[in-house]
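# Quick one, what's the 3D model for this:
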Amino acid sequence: MRLLVATGNPGKLVELRQWFEGLDVELVSLRDVGGAPDVIEDRDTFEDNARKKARETAIATGLPTLADDSGLEVDALDGAPSVWSARYAGHGATDAENNAKLLDALRAVPREERTARFLCALALADPRGPLGEDEHVELGLCEGRVILAPRGDGGFGYDPLFELDATGRTLAELSREEKSAVSHRGQAARRMRGFLERYLRRRDA
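Numbering: from 1, shown residues only. Below you'll find the predicted structure:
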């Protein structure tokens, strides 16, 4: 099955290809297909944004589509930046700009009060297949805290600022394999892989 990943983020595509290795699917990106819409992520939750993006893209392209919405929720900021994580510093903001705004917002907040979590919603839409009008969604969550300054050279987004509770290291300090084992997107992707293994059998029946 040719499966479209509705993202322009190369990091997400690389990770998904790793998690879905061995499945009978060919993952392609928005750059590989024509007719994909620029879906506005205007919903209030990660799950609703992922559902909307997957469905609208699948309808426009005719391809089964996988879409995710994910981000960071910081308790001291009443859950912000949440669904605005990728554009926290404005539309088109770089990772560095988003990280700088986050650190500035937490400047007066002590370390023990910087608790936070990454959340991911991964949605599959396949209007021409067995799913029909529904979307299948898998969720992932990773607990930690925002540190005082970036650490690590790996990952992307807020990874250099997010310290894991279990290891005391940031996501950017982990190897790809280590991050895959604990990250919010890794959790959602592993659950989606299990669903896809069953779904492919239904689709081919």
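# Please identify which helix or strand holds the residue nearest the centre of the chain.
With distances taken as C-alpha atoms, centre = their mean, Ser70 lies nearest the centre of the chain, 4.0 Å away. Here Ser70, judged by DSSP states H and E, is contained in strand 65-74.
# how far does that strand sit from the chain's center?
In terms of C-alpha atoms, centre = their mean, to the nearest Å, the gap separating the centre of strand 65-74 from the centre of its chain is 4 Å.
# What is the next helix or strand after it packed up against?
As assigned by DSSP H and E, the chain's next helix or strand after strand 65-74 is helix 95-105. Contacts defined by 3 or more C-beta pairs under 8 Å, 6 or more residues apart in numbering; DSSP states H and E place helix 95-105 against no helix or strand at all. Any C-beta I mention is one placed from the backbone N, CA and C, and that applies to glycine too.
# Can you list the buried residues in helix 95-105?
By neighbour count on 16 or more other C-beta atoms under 10 Å, the buried set for helix 95-105 is Asp95, Asn98, Asn99, Leu102, Ala105.
# Could you work out the most separated pair of these?
Asp95 and Ala105 (15.8 Å; C-beta to C-beta).
# Just say helix, strand or coil for Pro127.
coil (DSSP: H, G, I helix; E, B strand; the rest coil).
# Please give me every residue in contact with it.
Contacts for Pro127 were tallied using C-beta atoms under 8 Å, 6 or more residues apart in numbering; they are Arg55, Ala58, Ile59, Glu133.
# which of those are buried?
Once neighbours are counted (16+ other C-beta under 10 Å), the buried part of the contacts of Pro127 comes down to Arg55, Ala58.
# so can I have a markdown table of the contacts of Pro127 showing distance to Arg201, secondary structure and pLDDT?
Shown next, in a markdown table, are those (distance: C-beta to C-beta, whole Å; DSSP: H, G, I helix; E, B strand; the rest coil; pLDDT from 0 to 100):
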| residue | distance to Arg201 | secondary structure | pLDDT |
| --- | --- | --- | --- |
| Arg55 | 23 | helix | 96 |
| Ala58 | 20 | helix | 95 |
| Ile59 | 24 | helix | 94 |
| Glu133 | 21 | coil | 94 |
